[in-house]
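S.K.: Below is the sequence, then the predicted model.
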Amino acid sequence: MARTIDYGKLMHRAMRGLIQQVLRDVQSHGLPGAHHFFITFDTRDPLVQMADWLKDRYPAEMTVVMQNWFDKLKVTDDGFFITLNFGDRPEPLYIPYDAIKTFVDPSVEFGLRFETTDGDDEDDEPPPDGPPNGPKNGPTNGPDSAQGRSAAQVVQLDRFRK
């Protein structure tokens, strides 16, 4: 089989590195100005760590908001730990970068969306049939992903324009 350059995989790695760099800056200096993040992630990822009651409530994906209150942000090479408030109930989470589906900072109209197709990453198990669904925590970040789209896309930001 001929060797090819997997641009989709390279872009995913670069985009996740960007998220890591942004979160490291927030860990060191806090959120600047009006910046805040909507982060949607796959709760089925085996490395995600979250309370059982949250996993039951969000069995496929969840969107969290990093804005006014968050605590114990610790950024690692593979993901980040954070404690967020869910109805006056602080809950620790661990979100691996590979579980992130969207990362949006609406204050500057920036967003990333990660979409996978079968065979996108040979190290991962294939996703279950059909697009993920289920409730989200906070605003949605665009249409749900569908199978068969390209490996990586930038979120259309027109919906965040003021």
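M.R.: Noted; the coordinates are in hand.

S.K.: going forward, measure contacts and count neighbours with C-alpha atoms only.
M.R.: Fine.

S.K.: Where does the prediction get shaky in this structure?
M.R.: Residue ranges of the chain with pLDDT under 70: 116-162.

S.K.: Without its sequence neighbours, what residue ends up closest to the residue most central in space within it?
M.R.: Central residue of the chain (CA atoms, centre = their mean): residue 100, 2.6 Å from the mean position. Sequence neighbours aside, residue 41 is the residue nearest to residue 100 in space, at 4.2 Å (criterion: CA to CA, 6 or more residues apart in numbering).

S.K.: Tell me the helices and strands packed up against the helix or strand where residue 11 lies.
M.R.: In the assignment (DSSP states H and E), residue 11 maps to helix 7-29. On a contact count with 3 or more CA pairs under 8 Å, 6 or more residues apart in numbering; DSSP states H and E, helix 7-29 meets strand 70-75, strand 152-153.

S.K.: Would you map the helices across the chain?
M.R.: 7-29, 52-57 (DSSP state H).

S.K.: How far off centre is the last one?
M.R.: Meaning helix 52-57. On the basis of CA atoms, centre = their mean, to the nearest Å, helix 52-57 is displaced by 18 Å from the centre of the chain it belongs to.

S.K.: you'd agree residue 73 is up against residue 84?
M.R.: No: using CA atoms under 8 Å, residue 73 is not in contact with residue 84; the gap is 9.5 Å.

S.K.: returning to what we had before: residue contacts, the residue nearest to the centre of the chain?
M.R.: Residue 100 makes contacts with 39, 40, 41, 42, 114, as judged by CA atoms under 8 Å, 6 or more residues apart in numbering.
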